Structures are given as C-alpha cells and as structure tokens.
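# Quick one, what's the 3D model for this:
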Amino acid sequence: MLLINDAVNDQLGPNPIEALHFGLGDWALRFLCITLALTPIKIITGHNNPMRYRRMMGLFTFFYATMHLLVFVVLDLSLSWDAFKDEVPKSPYILMGLLTYLLLVPLALTSTQKMQKWLGRHWVKLHRLVYVAGPTALVHYFWLVKKDYSEPLVYAMVIGVLLGIRVIAYYSKRLRLLNP
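Numbers count the residues shown, from 1 in each chain. Predicted coordinates:
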C-alpha cells in the first residue's frame with residue numbers, strides 16, 4: 001500500500017522504476033521472513049494459531065516476488081528478450097533472483113488444500129524449498145548491493161535465527177526420541 005501511495009502521489013524519487021523495483025523486492029523478502037517466522041513462533045509459544053496464516057504469507061511473498069520480477073522485465077527491460085539475454089549474464093544477482101523465484105513458483109502452485117491432499121507426504125518435502133529460497137534471496141540481495149551491506153545483514157540475521165530455531169527444535173526432538 002505504501003508503494004502504491006508513493007506511486008500515485010509521484011513520490012518514488014528521481015528513479016521511480018528503481019524505487020518500485022527495490023521496494024517490491026524488500027516486501028517480498030519481508031513476507032518471506034514473516035512466513036519463515038510462523039513455525040518458530042509456534043515452537044517458542046506452543047500456540048498453533050499463527051500457522052493458520054502461513055499459506056497467506058507465502059502467497060504474499062510470491063505476489064511481491066512476482067511484482068518485483070515484472071517491474072524488472074516490463075518496466076526496466078521493456079519486455080525485450082534481447083535486453084534480458086544481454087543483462088542476465090552480466091549480472092549474477094539476477095540469476096540468483098530468478099533461481100529464488102523459480103523455487104517459489106511450485107510453492108505457490110501447490111499451496112491449496114487440494115494440491116496438499118493430491119501430493120500427500122510429498123507436499124511437505126516440496127515445501128521445504130522455502131528453506132532454500134530464503135538463503136538464495138539473501139545471496140541475490142548481497143550480490144545486488146554495492147557498498148552498504150547493513151540491510152542485507154539484518155535480513156540474514158533474521159533468516160539465520162529463524163532457520164536456526166528450526167534446526168535446534170529438530171535436533172532437540174531427535175534427542176528426546178533417542179533418550180526417552
């Protein structure tokens with residue numbers, strides 16, 4: 001909503017396409033962090049209630065990632081396949097962003113209860129791709145930034161803590177099962 005307000009009121013600054021592009025990328029990463037935070041919240045609090053929002057937050061992540069990609073392809077490159085082919089090899093961060101997006105696509109496509117039922121136990125395995133998407137999104141961001149790494153470092157710490165909580169919970173559970 002803030003980006004829409006800024007765009008409507010012509011407050012995106014001197015490079016509105018870049019501001020829109022980076023703003024959408026930031027929101028995609030924020031929603032990815034929120035999505036990844038829901039299980040640790042459950043682990044820490046013992047309340048299952050936050051899990052109800054996991055699908056919605058994941059779809060918000062995908063929506064903002066899609067908008068981030070579309071701004072790049074439509075507004076930055078003017079839908080030029082030649083410009084895309086020229087730009088991508090010169091910019092490894094774009095390749096990492098595309099990889100991250102490709103990891104999110106099957107998660108969004110299989111996010112319905114019908115797909116969950118159809119995939120059965122494979123659904124859980126497939127949705128573990130989110131644990132790869134977080135780090136690849138971080139690499140995309142780090143490779144994009146030229147000088148000030150403070151913001152990507154904050155995201156890296158958040159994602160590191162969120163994934164770390166999962167690892168600790170996993171091994172704690174295994175230890176309890178091995179030593180009843």
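# center of the chain, which residue is that?
residue 32 (3.9 Å; CA atoms, centre = their mean).
# Identify the residues contacting the nearest residue to it once chain neighbours are set aside.
Closest residue in space to residue 32, ignoring its immediate chain neighbours: residue 61 at 4.7 Å, by CB to CB, 6 or more residues apart in numbering. For the C-beta atoms, the positions are set from N, CA and C on the backbone; glycine is no exception. Residues near residue 61 by CB atoms under 8 Å, 6 or more residues apart in numbering: 28, 31-32, 34-35, 104.
# Residue 123 too?
110, 115-116.
# Helix or strand for it, just tell me which one.
Per DSSP states H and E, residue 123 falls inside helix 121-127.
# and that helix, how far out from the chain's middle?
18 Å (CA atoms, centre = their mean, to the nearest Å).
# buried stuff in the following helix or strand past it?
Per DSSP H and E, helix 121-127 leads on to helix 130-144 as the next helix or strand towards the C-terminus. Within helix 130-144, the residues that count as buried by 16 or more other CB atoms under 10 Å are 130, 133-134, 136-141, 143-144.
# what about residue 80, how many residues close to it?
12 (other CB atoms under 10 Å).
# Next: residue 154.
Neighbour count of residue 154, defined by other CB under 10 Å: 11.
# do you know how far it is from residue 64?
If you measure residue 154 against residue 64 using CB to CB, to the nearest Å, the figure is 18 Å.
# ok, back up a step: please, which helix or strand holds the residue nearest to residue 32?
Counting by DSSP H and E, residue 61 is part of helix 54-70.
# pLDDT (mean, whole number) over that helix?
For helix 54-70, mean pLDDT rounds to 96.
# chain center to that helix: distance?
7 Å.
# what angle do that helix and helix 130-144 make?
Relative orientation of helix 54-70 and helix 130-144, computed by axes from the mean of the first three to the mean of the last three CA atoms, to 10 degrees: 30 degrees.
# right, and residue 48 touches residue 41 too?
No: contact criterion CB atoms under 8 Å: residue 48 and residue 41 do not qualify, at 9.9 Å.
# in the chain, which spans are helices?
2-8, 16-45, 54-70, 81-90, 92-109, 113-119, 121-127, 130-144, 150-178 (DSSP state H).
# so where is the chain shaky, pLDDT-wise?
Low-confidence regions of the chain, defined by pLDDT under 70, span residues 1-12, 180.
# quick revisit: would you turn the contacts of residue 61 into JSON lines with distance to residue 168?
Formatted as JSON lines, the contacts of residue 61 follow (distance: CB to CB, whole Å):
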{"residue": "28", "distance to residue 168": "27"}
{"residue": "31", "distance to residue 168": "24"}
{"residue": "32", "distance to residue 168": "20"}
{"residue": "34", "distance to residue 168": "20"}
{"residue": "35", "distance to residue 168": "19"}
{"residue": "104", "distance to residue 168": "26"}
